[in-house]
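Student: pasting the sequence and the predicted model now:
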Amino acid sequence: MSIVDLPVTTEKAGRPESVWSSILYHLGAHPLGSIGAAIMAVFVFCAVFADFITAYGPTATDSAARLLHPDAGHVLGTDQMGRDIFSRIIYGARISLAVGLGSTFLGSLFGVALGLTSGYLGGWVDLVIQRVIDVLQSVPLLVLALVMAAALGPALDNTIVAISIPLIPYTARVIRSNTLALREQPFVEAARAVGMSEFRIAVRHVLPNTIAPLIVIATAQLGAAILTEASLSFLGLGVPEPHPSWGRMLSESAAEYVRTAPWLVIFPGLAISLAVFGTNLFGDALRDILDPRLRD
Amino acid sequence: MGTYIIRRFFLMLLTLFGISVLVFTMLRLVPGNIADIVFNAAGMIDVAEKAKLEKELGLDRSIPVQYVEWISGLARGDLGYSYVSEKPAIKEILPRIPITAKLAGLALLFAVTFGVPFGVISAVKQNTTLDYVLRVVSLSGLSLPSFWLGLLILMAFVAYFGAIPIYTDPPKGFWNTLWLFSIPAVAVGFRSSALVMRLTRSSMLEVLRQDYIRTARAKGASAQTVNYRHALRNALLPVVTVIGIEAAFLMGGLIVTETVFNIPGVARFLVEAIRWRDYPIVQNLVMFIAVVAVSINFLIDLLYAVLDPRIRYAS
């Protein structure tokens, strides 16, 4: 898609001056994005303060309290091993956030490196990198992540790596097309004229100008990464025990408990959907703000 | 046009070669092979027995040799044998394809029938309440994991019918098949319909801002004519591309949905094969998925060149 093809400037005349008033301005102008930001804030809050929010440990089993309906003691009920669903969901936010941020960061890092090199150097380097990107892009995200996860073995950090690989091509493409446009700008020529090295121009002058589209893609990918982690864990090839992963909670309970204990199915799924929904809402607003071409 | 097609075709072959190398090497990085799994499961420790099994399965040869054997086998239509069932891989894979194809077809149909009209409505009624509602619904479509949606559907089935649909025996008759496959198709297609809707909306908005739309309006064409005869026809070009990409990438949704509904298609089979380290099945299946994805993209590119004269002349 060509949404973020061009260099982007965020400054506009007549905007409020301070950071805070600027933030307030955008919150008012993008009600849906504000809701998304709020959901994300709650999500992060749960992940950071999980120890203080929950009354039970995420892995604490209690054979006397198996498959309890949601009530005052266990607000969201308990699972087949007597573990408190609410606690597991709150701690699960940590796993989701860790995998989401970790794989988005890794994917962006490699994506930017490849895109910048490819776009700035051009020539045969560009050709080779583009073919590698083609290959990565031709295998559906979940399939590539599945094979990667299986190849690396079940572990939290392996899951992060497995999910980051399919995220690389899209970032690389966008950064490349941005770099291609930026390379021809007068300020690059000026930097070259004063005798700056090519590497320094690429890193100090071209790279900072690709930050806006990068933020837009990374936010969109955060949601995708959280969803992919949930899918991998649901299939039993993602985050292993004892980590309380939302996707894994659904795979344990899945079809078996659809009849008998619907709360085991409803709440973890709701948590995944809300977290992804929040990042998507926020990402959409961010794209509107950072990409002036889409602004009406 | 001719050189464009030929160039594009060779790029496609190059990509497929790259994928085959990638998949093959990735699967060889796995710590422990099928022989290890069989031996651990059976609690056996006889090293000689294990070496014999590895030799039988061809795992003792060097990786490049294994790769060449695989590719030359592919060229001859010989996909090797499944380690688990010991049947020819092709006999395991082929019968499962129509099941997944039906599901994917229905999911795409669902995506287009809902995605395109709602996208147009959303664009034409931009910034109205209806637009906001449709946008939130479509965004939620991109946020719901399809396996969870599948589980919710199963839950609804339990509540209303007291039973869940069964797929282990192939359904008989056209209507019965259509009905049974429509259920998981909704779970898979909801996300795609959301994607198609969002793209139709932004594409329509882009087109509605063009000069020729203003000209059409100025000439007194009715809103209906402008929106559908002029705008939608042009807005559909990028939508066609996304539908093509989605068709190839439905696989992710199919994998989890077939698992939830217990549908014996290729997508679920891939997960099982990965769990079992059944290399011949996994590498051939991933290769098959990649061939489908890459060919669809190739066809879409050609279709695009046919539909959009600017591309035809540029090449």
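Tutor: Yep, that arrived. Numbering: from 1, shown residues only, chains lettered A, B, ... in the order given.

Student: now the longest helix anywhere in chain B: buried residues?
Tutor: Longest helix of chain B, by residue count under DSSP state H: helix B:174-208. Under the neighbour-count criterion of 16 or more other CB atoms under 10 Å in any protein chain shown, helix B:174-208 has B:180-181, B:183-208 buried. No exception for glycine: its C-beta is placed from N, CA and C like everyone else's.

Student: that one: how far from the chain's middle?
Tutor: Put simply, helix B:174-208 sits 13 Å off its chain's centre (CA atoms, centre = their mean, to the nearest Å).

Student: name the residues of the helix or strand following that helix that are buried.
Tutor: Where DSSP states H and E defines the elements, the next helix or strand beyond helix B:174-208 is helix B:211-218. Judged by neighbour count (16+ other CB under 10 Å), helix B:211-218 contains these buried residues: B:Ile213, B:Ala216.

Student: and for helix B:211-218, what's in contact with it?
Tutor: By CB atoms under 8 Å, 6 or more residues apart in numbering or on different chains, the residues outside helix B:211-218 that reach it are B:Val207, B:Thr225, B:Val226, B:His230, B:Ala231.

Student: let's go with 6 Å and repeat that
Tutor: B:Val226, B:His230 (CB atoms under 6 Å, 6 or more residues apart in numbering or on different chains).

Student: give the other helices and strands that the longest helix of chain B contacts.
Tutor: If you count contacts as 3 or more CB pairs under 6 Å, 6 or more residues apart in numbering or on different chains; DSSP states H and E, helix B:174-208 packs onto helix B:97-124, helix B:129-143, helix B:146-161, helix B:233-249, helix B:251-261.

Student: please state the backbone phi and psi of A:Thr78?
Tutor: For A:Thr78, the backbone dihedrals are phi -130, psi 160 (criterion: degrees, to the nearest 10).

Student: and for B:Thr25?
Tutor: Residue torsions, per degrees, to the nearest 10, at B:Thr25 are phi -70, psi -40.

Student: setting aside sequence neighbours, what's the nearest residue to it?
Tutor: B:Ile63 (7.4 Å; CB to CB, 6 or more residues apart in numbering or on different chains).

Student: quick check: closest non-adjacent residue to A:Met283.
Tutor: Met isn't right for residue A:283; it's Gly. A:Gly283 sits nearest to A:Thr219 (CB to CB, 6+ apart), 3.7 Å away.

Student: report the secondary structure state of the one you found.
Tutor: helix (DSSP: H, G, I helix; E, B strand; the rest coil).

Student: how near is it to A:Gly278?
Tutor: For A:Thr219, the distance to A:Gly278 equals 11 Å [CB to CB, to the nearest Å].

Student: of the two, which one has the most company?
Tutor: Taking other CB atoms under 10 Å in any protein chain shown, A:Thr219 and A:Gly278 do not tie; A:Gly278 has more neighbours (24 against 21).

Student: tell me which element the more buried one falls in.
Tutor: Short version: A:Gly278 belongs to helix A:262-290, going by DSSP H and E.

Student: ok and that helix relative to helix B:129-143, angle-wise?
Tutor: 120 degrees (axes from the mean of the first three to the mean of the last three CA atoms, to 10 degrees).

Student: packing partners for helix A:262-290?
Tutor: When contacts are defined as 3+ CB pairs under 6 Å, 6+ apart, helix A:262-290 packs onto helix A:31-48, helix A:211-234, helix A:246-260, helix B:129-143, helix B:146-161.

Student: for that helix, buried residues please.
Tutor: Buried residues in helix A:262-290 (16+ other CB under 10 Å): A:262-269, A:271-290.

Student: what about that helix, average pLDDT?
Tutor: Averaging pLDDT along helix A:262-290 yields 88.

Student: and that helix, how far out from the chain middle?
Tutor: Worked out by CA atoms, centre = their mean, helix A:262-290 lies 11 Å from the chain centre.

Student: one more: stretch A:82-93?
Tutor: 21 Å.

Student: what's that stretch in contact with?
Tutor: A:43, A:46-47, A:50, A:53-54, A:56, A:58, A:61-63, A:65-66, A:74-78, A:244-246, A:267, A:271.

Student: change it to 8 Å
Tutor: By CB under 8 Å, 6+ apart, stretch A:82-93 touches A:43-44, A:46-47, A:50, A:53-66, A:68, A:70, A:74-79, A:244-246, A:249, A:263-264, A:267-268, A:271, A:275.

Student: pLDDT at B:Trp148, what is it?
Tutor: pLDDT at B:Trp148 comes out at 91.

Student: any low-confidence regions in chain B?
Tutor: Confidence mapping of chain B against pLDDT under 70 gives the ranges B:1, B:30-46, B:56-57, B:309-315.
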